[in-house]
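Trainee: could you work out the structure for the sequence below:
(chains A and B)
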Amino acid sequence: MMQLNPDVKSVWTIYYLRRTLFFIVITLCLDYFALSEIPKWPFFIGFTPLVVFFIGLITTIVMPRLKYKYWFFELRADELYLKRGVLTKIDSTAPYCRIQHIDISQNVVERLFNLSRLVIYTAGTKGADLIIPGLPHYYAQELQTKLKEYTVEDAV
Amino acid sequence: MSQMAEQISEKRLHPFTLLYRLIVTLPNAALPIIFILYSGDRGGDWVYIFISLFLGFFILPGILLNYFYFDYTITDQEVVIRSGVLSKKERHIKIDRIQNVTITQNFLHKLMRIAKVQLETAGDATTEGNLDSVSIADSEKIREIIRNHQHEKSTTKVTEDSHKVVENLDEVKENVIFSMSLWDTIKYGAVRFRPIVLVASAWIFSMVSQFNPNWTDELEVILESGYKDYIRQLDIFMLVVYAIAGVLLVLLLSWIIDILLTVNTYYKFKLVSDKGKLMTSQGLFSSQKGAIPLKKLQMMVIKSNPITRKLNFYRLDLQTAGFGGGDGTKAKSETAIPFAKFTQVKEIINKIRNVELPEVFTKVSPKTIRRAVVKYLVFSIPFGVGLYFAFDSFWVLLTLVPIIGFGAFIRYQYRGYHVEDNQIIVKQGFWFQKISIIPIEKIQTLHKRSSYFQRRLGLATVEIDTAATVYGSDASIIDIDNNVATEIFEELNRLFIEDKNKGKVVK
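Mentor: This is a model prediction of the structure:
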């Protein structure tokens, strides 16, 4: 069982921060324009964003660590095996002979930490779920070439 | 069998295509025309000039040019479709890449005796060919030519005695393995009870019932006299009778509409077995022909509802995969048998694949009842709030308890699975029961999933992913004991890796 690169925690922290900010803005608008119009609204303006802020703060601190702690993958003899999930735990397996192609992708945040994502496609539609995040770029390339040897033309 | 390679070269579509396209485009032109007509008081004759200009300058030349700059060629290698006035386009489709030749006719096509030919390939939608429309004779010819060429290719590869077999097949011509009479179709329509039809007819009913000519007058009277008085003078008994009559009328209406629609879709339904494919043909006003390549078959699903089960009638859908992989996936579900006795469905499934349907399925964990109760309780909160305010009594809510309990129990009762060496069978649903048969070698990926709530009860879900996972049609074994789930997960994994390796050795 292998773990991801620890830097992925920072990447996820940024994701969670971004999401928290987004929800704060949304609730701020909601609070200001809609909720304050309700007669007898028991809370002051800015209450809901404050709640969102605290929830967001906690998840931003806790979730990346937990996610990292529970993320494992393994290249077994015949299959790729993924095991991850904090609240919902998911074990997935994709036999090498089912893999159709493999992408390496990297977004801006990941580039900051020099990490990449390996996206594994099978003919199954949910195959898009097979993503290994937080791999050092050279290692992702290594994995890609390794897995490529097994890929087949027509796996349907 | 004629060995001469037939060809079609640079042929145009049927001339009636012009007429057909004009009729089809008219509704698009209708909007500006209506707009113009409504403002017509000021326009005078200009309106008609504008309309004719619009038709003359935009629609007609477009149709004409498209028609004259479109032709198709079929050789023994490929189908070439050339189109385009300003930017030319040439689409080459390799004959052996073509998987289905689908011939469809809608009502207009039927009137003009033309048909639409679709060439489906294993690739994504952009590599397909559409010939809309050619004469019926041509459509049959195209299908025949393509099939012959594909056929020649495959027969040249194999030895002579299999050639004989193929010829025999040709003599038999149509190997009908299932067909439906008109009476069967009507019966099928009578037991479908599709919710969508019910909703539609309720809507139609509400629309039609507005067309009471005195409706607005009545409303005025009611409003003038004060609506509270009006309601007080109404007879509660009659009101209830009216309401029940209305509901019954809607049910009757939806029932009849469903029968009519079903007859229209499945009139003269026929399932023909043909060289590794199953061909279907059906339809009254718009006839449809389809092909199910058995090589691409991913999953077989037997469907039923409580009424059809009581009458021992079932439906069989076959799910096939497109090319798969990323964006090219075009999974499809085709109905192979709309309506047949269970033994007959079994027989046909056995013709496709050696499947022994189990008498008894392995049940999921009874703890699923607990989860279902919680789920239903959450979902019924809005309903419960409504009830509470309507009757102003807390005790009314207790009537929900047996309903929810019973629903949860039924859900548990109708869930089951069965793992065999070469396939897995999953059963689920009471109102819309599905029994999915998945060949082990078609499994793409496997997932074992357990949410926080499932883990608290020691449960898990096994998801089986094939190349034909259309939304909402996936086969999952929901809420089984976590240890059992792990076992199944590992067992299936072992089976399908082994299966694949076996295949490799043979190659």
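Trainee: which residue ranges of the stretch 301-450 of chain B form strands?
Mentor: B:313-320, B:332-341, B:362-363, B:416-419, B:423-428, B:433-439, B:443-450 (DSSP state E, counting those that start in this stretch).
Trainee: is residue 101 in a bridge, and if so with what?
Mentor: All of this is about chain A. Applying DSSP bridges to A:His101 gives these bridge partners: A:Tyr121.
Trainee: oops, wrong one, chain B.
Mentor: B:Leu119.
Trainee: neighbours of it, how many?
Mentor: 24 (other C-beta atoms under 10 Å in any protein chain shown). Backbone N, C-alpha and C define where each C-beta goes, glycine included.
Trainee: give the contact list for it.
Mentor: B:Val101 makes contact with B:117-120, B:142-143, B:146-147, B:291, according to C-beta atoms under 8 Å, 6 or more residues apart in numbering or on different chains.
Trainee: tell me the two of those that are most distant?
Mentor: By the measure C-beta to C-beta, B:Gln118 and B:Arg147 form the most distant pair in these, at 14.8 Å.
Trainee: identify whichever of the strands of the stretch 301-450 of chain B lies nearest to chain A.
Mentor: strand B:443-450 (3.3 Å; C-beta to the nearest C-beta).
Trainee: which other helices and strands contact the closest one?
Mentor: Applying 3 or more C-beta pairs under 8 Å, 6 or more residues apart in numbering or on different chains; DSSP states H and E, we find strand B:443-450 packed against strand A:89-95, strand B:459-466, helix B:482-506.
Trainee: can you redo the strands of the stretch 301-450 of chain B as CSV with mean neighbour count, mean pLDDT and distance to B:Lys303?
Mentor: Shown next, in CSV, are those (neighbours: other C-beta atoms under 10 Å in any protein chain shown; pLDDT from 0 to 100; distance: least, C-beta to C-beta, whole Å):
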stretch, mean neighbour count, mean pLDDT, distance to B:Lys303
strand B:313-320, 23, 90, 4
strand B:332-341, 20, 86, 9
strand B:362-363, 16, 92, 21
strand B:416-419, 19, 92, 16
strand B:423-428, 22, 92, 11
strand B:433-439, 20, 92, 6
strand B:443-450, 24, 88, 21
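Trainee: mind checking pLDDT for the closest residue to B:Ser365 other than its chain neighbours?
Mentor: Using C-beta to C-beta, 6 or more residues apart in numbering or on different chains and skipping the chain neighbours, the partner closest in space to B:Ser365 is B:Asp481 (5.0 Å). With respect to pLDDT, B:Asp481 scores 92.
Trainee: most tightly surrounded among the helices and strands packed on strand B:443-450?
Mentor: Among the helices and strands packed on strand B:443-450, ranked by average contacts under mean count of other C-beta atoms under 10 Å in any protein chain shown, first place goes to strand B:459-466 (a mean of 25).
Trainee: and B:Gln150, how far from chain A?
Mentor: 17 Å (C-beta to the nearest C-beta, to the nearest Å).
Trainee: so that residue makes contact with B:Asp96?
Mentor: Yes. Contact criterion C-beta atoms under 8 Å: B:Gln150 and B:Asp96 qualify, at 5.9 Å.
Trainee: which strands and helices sit next to the helix or strand hosting A:Gln141?
Mentor: Per DSSP states H and E: A:Gln141 is located in helix A:137-148. With contacts defined as 3+ C-beta pairs under 8 Å, 6+ apart, the packing partners of helix A:137-148 are strand A:72-75, strand A:101-105, strand A:115-121, strand A:131-136.
Trainee: quick one: those as a markdown table, columns for mean neighbour count and mean pLDDT too.
Mentor: Below are these laid out as a markdown table (neighbours: other C-beta atoms under 10 Å in any protein chain shown; pLDDT from 0 to 100):
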| stretch | mean neighbour count | mean pLDDT |
| --- | --- | --- |
| strand A:72-75 | 14 | 94 |
| strand A:101-105 | 15 | 85 |
| strand A:115-121 | 22 | 89 |
| strand A:131-136 | 20 | 93 |
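Trainee: make a markdown table out of those and add distance to B:Lys367.
Mentor: Converted to a markdown table, the helices and strands packed on helix A:137-148 look like this (distance: least, C-beta to C-beta, whole Å):
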| stretch | distance to B:Lys367 |
| --- | --- |
| strand A:72-75 | 27 |
| strand A:101-105 | 39 |
| strand A:115-121 | 33 |
| strand A:131-136 | 31 |
